[in-house]
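**Student:** Whatever this is, show me its structure:
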Amino acid sequence: MIKGKQRDALRIIELPASRMVWSGVCPNEECERMRRFEQWWNAQDELRRDRFYTRDFMWWDFEAKGVAWGLAVTEMELPQAAEGGFDTGGFEVIDFPGGLYAVATFADGAQGEAEAVWKSIKKWVDRSGCFAMDEGAGRYDMWQGLCPKAAWDAMGFMQFDMYVPIRIKEE
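**Tutor:** Next up is the predicted model:
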């Protein structure tokens, strides 16, 4: 049982298993393939009718030692390709396993803030008594930009969510 002030430290969410069009692993966020993925993703995002949440996630792939970017999609959302099938911009579609995540918000631009938030989430999970880390098998620590461009411009910084995969602790 989580007590006191710890209850408000972060939130627990469940992401559904889904299909993701992904960038593949790049050495950093500035590689050409990542720029192409961003252009494709922005075009896809313009086609969406709902605006309740963003569906793109970035993560560090420890095995491949690089960053990846994925966009959760349904086949109904992908435009038809001229030659048949779906237009994924030439990017591969992968299975995202979904699951429970501990999530906290941080501000871009603050020196070391992302790492500090990541460490605080892991510490919170360790102390929770009811959750444990659940990394591996496609379950990565992820981050996601949250605020619209107008809010980003007004505030002078971008808000991000940090997602850390967890599971309910077995007793």
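**Student:** which ones are touching the residue nearest the centre of the chain?
**Tutor:** The residue lying closest to the centre of the chain (C-alpha atoms, centre = their mean) is F57, at 2.7 Å. Contact analysis of F57 by C-beta atoms under 8 Å, 6 or more residues apart in numbering lists M20, W69, G70, A72, M142, W143, Q144, Y163. All C-beta spots, glycine's among them, are computed from the backbone N, C-alpha and C.
**Student:** Which residue is the nearest non-sequential neighbour of the second one?
**Tutor:** So the one you mean is W69. Residue nearest to W69 in three dimensions, not counting chain neighbours: S23, with 4.3 Å by C-beta to C-beta, 6 or more residues apart in numbering.
**Student:** per-residue confidence at the one you found?
**Tutor:** S23 is assigned a predicted lDDT (pLDDT) of 94.
**Student:** Please name the residues that touch it.
**Tutor:** R33, M34, F37, A68, W69, G70, F91.
**Student:** among those, which are in helices?
**Tutor:** R33, M34, F37 (DSSP state H).
**Student:** who wins for most neighbours among those?
**Tutor:** Counting neighbours by other C-beta atoms under 10 Å, F37 comes out on top of the ones in helices among the contacts of S23 with 24 neighbours.
**Student:** which residues does that residue contact?
**Tutor:** W22, S23, W69, G89, F91.
**Student:** Test my guess that E14 contacts Y101.
**Tutor:** Yes - at 7.5 Å, E14 counts as touching Y101 under the criterion of C-beta atoms under 8 Å.
**Student:** re earlier: JSON lines for the ones in helices among the contacts of S23, including pLDDT and distance to K119?
**Tutor:** Shown next, in JSON lines, are those (pLDDT from 0 to 100; distance: C-beta to C-beta, whole Å):
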{"residue": "R33", "pLDDT": "91", "distance to K119": "30"}
{"residue": "M34", "pLDDT": "91", "distance to K119": "25"}
{"residue": "F37", "pLDDT": "93", "distance to K119": "28"}
